[in-house]
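>>> Any chance you can model this:
(one chain, ligands or ions: 1)
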Amino acid sequence: VGCLFLVKVLITDPLEDNGIEVLRKAGFDVVVKTEWSPEDLLSLVSDIDGLVVRSRTKVTSEVIDAASQLKVIGRAGVGVDNIDVSYAKEKGINVVTAGDAPADSVAEIAFGLLLSVARSLSEADRSMKEEKWDKKRFIGSQFSGKVLGVVGVGNIGSRVVRIAHAMGMRILAYDVVAHEELKERFGVEYVSLEELLKEADFVTIHVPFLPQTRNLISKKEIALMKKDAIIVNTSRGGILDEEAVYEALVEGRLRGAGFDVYSEEPPKSEILKKLISLPSVVCTPHIASQTNEAQEAVAVKTAERVVKILKDEK
Ligand SMILES: NC(=O)c1ccc[n+]([C@@H]2O[C@H](COP(=O)([O-])OP(=O)(O)OC[C@H]3O[C@@H](n4cnc5c(N)ncnc54)[C@H](O)[C@@H]3O)[C@@H](O)[C@H]2O)c1
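Numbers count the residues shown, from 1 in each chain. This is a model prediction of the structure:
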């Protein structure tokens, strides 16, 4: 093998085998190393052409500077908030993601959380396991005929729209771009964030984590919401202000909330512990993409995009 010219790809977070296979089949020298210290990482990247990460590896400017041959960073997932994307671009390094590969799985869990909160599914299950029959305690609300507010209608949000439409909901959307197709097919009404929060019975968040979306929904915004509204966050911690949600829930200004993502993962702060322990809150440990289908699709799509860039570079 002409080792001198072998293209080297390093994988620093666990990746499904079928993604690794795509990289190997392309003829690359693929190194999988998922245990490393920050110092190790700086030396590991020194001679690589491609880097594949999930969310755990923080690709800082320091890491990018240490990777002098790097041409592409593949994020096996969607949010790129663990990568210094602007610095990578400055250095001529491409950043690719898994695109819409996990979108169905995330959209489905957003509804799972909404349903679980609206119908007290977790609480009802817990009470059954305690051998109780609390039929009267669990009066929920129906989705059909209600208003769903979708904050961010990209790959995931647009799938949420499709599900909501099938459930007979009226759909309000807030985004920086309005897709005509969603208006025509599902009757989506694009409104301001304020209007969405005022009118929606259920709110679900699907925007990326950016400086502009940090605390996008905080105290002031939650104050606009209906008293019996439910909000879920499956996008990123820090977009929905958890402390503001906690206060609204304990003061009876909001009915319930669901979280898959947190400003601190795993959550350790007092406020997050208090929030998670509320019966009106349903929580999952960042598992929206944790399905066999999403994991495989994410690994393959990211790997294919990395291959394309490295082949085009040759
Ligand atoms: N919980 C999980 O495991 C999980 C899995 C996948 C993705 N995510 C999160 O979900 C987010 C959305 O994923 P996606 O695939 O739908 O992304 P996407 O890029 O397809 O869609 C994001 C949408 O948000 C809109 N947007 C961007 N900035 C905005 C702003 N300031 N105000 C209003 N709208 C804005 C965009 O126009 C776009 O329509 C990701 O960035 C990621 O953080 C979480």
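
>>> only C-alpha atoms for contact and neighbour calcs from this point on.
OK.

>>> Identify the residues contacting Ala297.
Ala98, Ala101, Pro102 (C-alpha atoms under 8 Å, 6 or more residues apart in numbering).

>>> Alpha carbons only: can I get the helix or strand hosting it in CSV?
Taking DSSP states H and E as the criterion, Ala297 maps to helix 292-313. Below are the C-alpha coordinates for helix 292-313, written out as CSV (Å, rounded to 0.1, in the frame of the first residue of the first chain):
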residue,chain,number,x,y,z
ASN,A,292,-31.2,1.7,15.6
GLU,A,293,-32.5,3.3,12.5
ALA,A,294,-31.2,6.8,13.3
GLN,A,295,-27.8,5.6,14.6
GLU,A,296,-27.2,3.7,11.4
ALA,A,297,-28.4,6.4,9.1
VAL,A,298,-26.4,9.0,11.0
ALA,A,299,-23.2,7.0,10.7
VAL,A,300,-23.6,6.1,7.1
LYS,A,301,-24.7,9.6,5.9
THR,A,302,-21.9,11.4,7.8
ALA,A,303,-19.3,8.9,6.5
GLU,A,304,-20.5,9.3,2.9
ARG,A,305,-20.2,13.0,3.2
VAL,A,306,-16.7,12.8,4.6
VAL,A,307,-15.7,10.3,1.8
LYS,A,308,-17.1,12.7,-0.8
ILE,A,309,-15.0,15.6,0.4
LEU,A,310,-11.8,13.6,0.8
LYS,A,311,-12.2,12.1,-2.7
ASP,A,312,-13.0,15.5,-4.3
GLU,A,313,-9.9,16.9,-2.6
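
>>> in it, what's buried?
Judged by neighbour count using 16 or more other C-alpha atoms under 10 Å, the buried positions of helix 292-313 are 294-307, 309-310.

>>> Keep the residues you listed, but drop any that are not near the ligand.
With C-alpha under 6 Å from any ligand atom as the criterion, no member of these is in contact with the ligand.

>>> How about the contacts made by Val106?
Here Val106 is in contact with Ile156, Thr234, Ala288, Ser289 (C-alpha under 8 Å, 6+ apart).

>>> Repeat the analysis, applying 10 Å as the threshold.
Listed by C-alpha atoms under 10 Å, 6 or more residues apart in numbering, the contact partners of Val106 are 112, 155-157, 159-160, 206, 234-235, 260, 287-291, 294.

>>> Tell me how far the helix or strand where it lies lies from the chain's centre.
Assessed by DSSP H and E, Val106 sits inside helix 103-118. Averaging C-alpha positions (C-alpha atoms, centre = their mean, to the nearest Å) puts helix 103-118 12 Å from its chain's average.
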